[in-house]
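Enquirer: the following block contains a protein sequence and its predicted model.
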Amino acid sequence: MQTVAMGWIEPIRSPDIRVTAISFGPIATDRVVRAVYAIWLPEGYQVDRWRLTGGGLATEVHETSDTVTAITWLEGVEEYGIGPQKDKAIRDLIISLGEYRESLEEREEQLGPTALSHLALLRRLIQRDRA
């Protein structure tokens, strides 16, 4: 892999890569994956009012002919975002992480140990800026 400007990693492009089984979400299909690559989203990266904190976020991107999926695995927290282009998939991922944080915070008193560890991780990772 080749590192290029802004933390992007050159995509692997091959018409022979097929995804036939993945544990979750929209990639569990038999569509041809045109590219798979990693992107580092730096601390301070912002989508709407959600801002990455705590050092940034490694994201894996899968491109098919009609969909882009951005995925992250964080100490047991699996989240993904979907869109027609990479930027929209990343946007969906960041918003999904933020909404998951808010959902856990609303129920914090009822959470078990695993969900509490997810909440602690998300509090370090993402913050909602006040308008």
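Expert: Structure's in. What do you need?
Enquirer: contacts and neighbour counts: CA atoms only from here.
Expert: Will do.
Enquirer: the biggest helix by length in the chain packs against which elements?
Expert: Looking across the chain with DSSP state H, the single longest helix is helix 86-106. Applying 3 or more C-alpha pairs under 8 Å, 6 or more residues apart in numbering; DSSP states H and E, one finds that helix 86-106 contacts strand 46-47, strand 50-52, strand 68-74, strand 77-83, helix 113-125, strand 126-128.
Enquirer: low-confidence stretches in the chain?
Expert: Within the chain, the set of residues satisfying pLDDT under 70 comprises 1-31, 131.
Enquirer: who's sitting farthest from the centroid in it?
Expert: Taking C-alpha atoms, centre = their mean, the residue of the chain most remote from its mean C-alpha position is residue 109, at 26.6 Å.
Enquirer: and that residue, which of the three is it?
Expert: Judged by DSSP: H, G, I helix; E, B strand; the rest coil, the three-state class of residue 109 is helix.
Enquirer: for residue 115, see how far away it is.
Expert: Counting by C-alpha to C-alpha, to the nearest Å, the gap from residue 109 to residue 115 is 11 Å.
Enquirer: got the angle between the longest helix of the chain and strand 68-74?
Expert: 40 degrees (axes from the mean of the first three to the mean of the last three C-alpha atoms, to 10 degrees).
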